[in-house]
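>>> sequence first, predicted coordinates after that:
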Amino acid sequence: MRVCLIATEFKGIGAYGGFGVLTHDIATGLAVRGLDVSVAMPKKDGQAPFERIGNISVFSYPSPLYEGIESALPH
């Protein structure tokens, strides 16, 4: 079975807090049980579009909120 978690942060990538730890723990727990787990999250500075962390595939997408707040503000 395949599962995709959609999150704002993930432990091990950039700055993260409790939600990043929780997302990592859920993803890891599902992967240990044999599921094919992916995580989709906003791209942090310096993050590759695709990373493999343990048994988890992490896909990132551009988001102005995570590329710098100034890019999201009108000029």
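Sure, I can see it. In this text, all values refer to a predicted model and were calculated from it rather than measured experimentally. Numbers count the residues shown, from 1 in each chain.
>>> Three-state assignment for residue 60, please.
Three-state assignment for residue 60 (DSSP: H, G, I helix; E, B strand; the rest coil): strand.
>>> okay, the closest residue to it other than its chain neighbours: pLDDT?
Nearest residue to residue 60 in three dimensions, chain neighbours excluded: residue 43, at 3.8 Å (Cβ to Cβ, 6 or more residues apart in numbering). Every residue, glycine included, has its C-beta placed from N, CA and C. pLDDT, residue 43: 90.
>>> what's the helix or strand for the spatially most central residue of the chain?
Centroid check for the chain by Cα atoms, centre = their mean gives residue 41 as the closest residue, at 3.9 Å. In the assignment (DSSP states H and E), residue 41 maps to strand 36-42.
>>> low-confidence ranges in this protein?
65-75 (pLDDT under 70).
>>> just to be sure, residue 30 is in a strand?
No - looking at residue 30 with three-state DSSP, it is helix, so not inside a strand.
>>> ok, it - how many residues close by?
17 (other Cβ atoms under 10 Å).
>>> setting the sequence-adjacent residues aside, check what's closest to it.
residue 37 (5.0 Å).
>>> could you measure the residue nearest to residue 60 against residue 58, distance?
For residue 43, the distance to residue 58 equals 10 Å [Cβ to Cβ, to the nearest Å].
>>> which one's more surrounded, these two?
More crowded of residue 43 and residue 58, by other Cβ under 10 Å: residue 58, with 24 against 17.
>>> for the more buried one, give me its contacts.
10, 13, 38-39, 41, 50-52 (Cβ atoms under 8 Å, 6 or more residues apart in numbering).
>>> 10 Å - rerun?
5, 7, 10, 12-13, 23-24, 27, 37-41, 47-52 (Cβ atoms under 10 Å, 6 or more residues apart in numbering).
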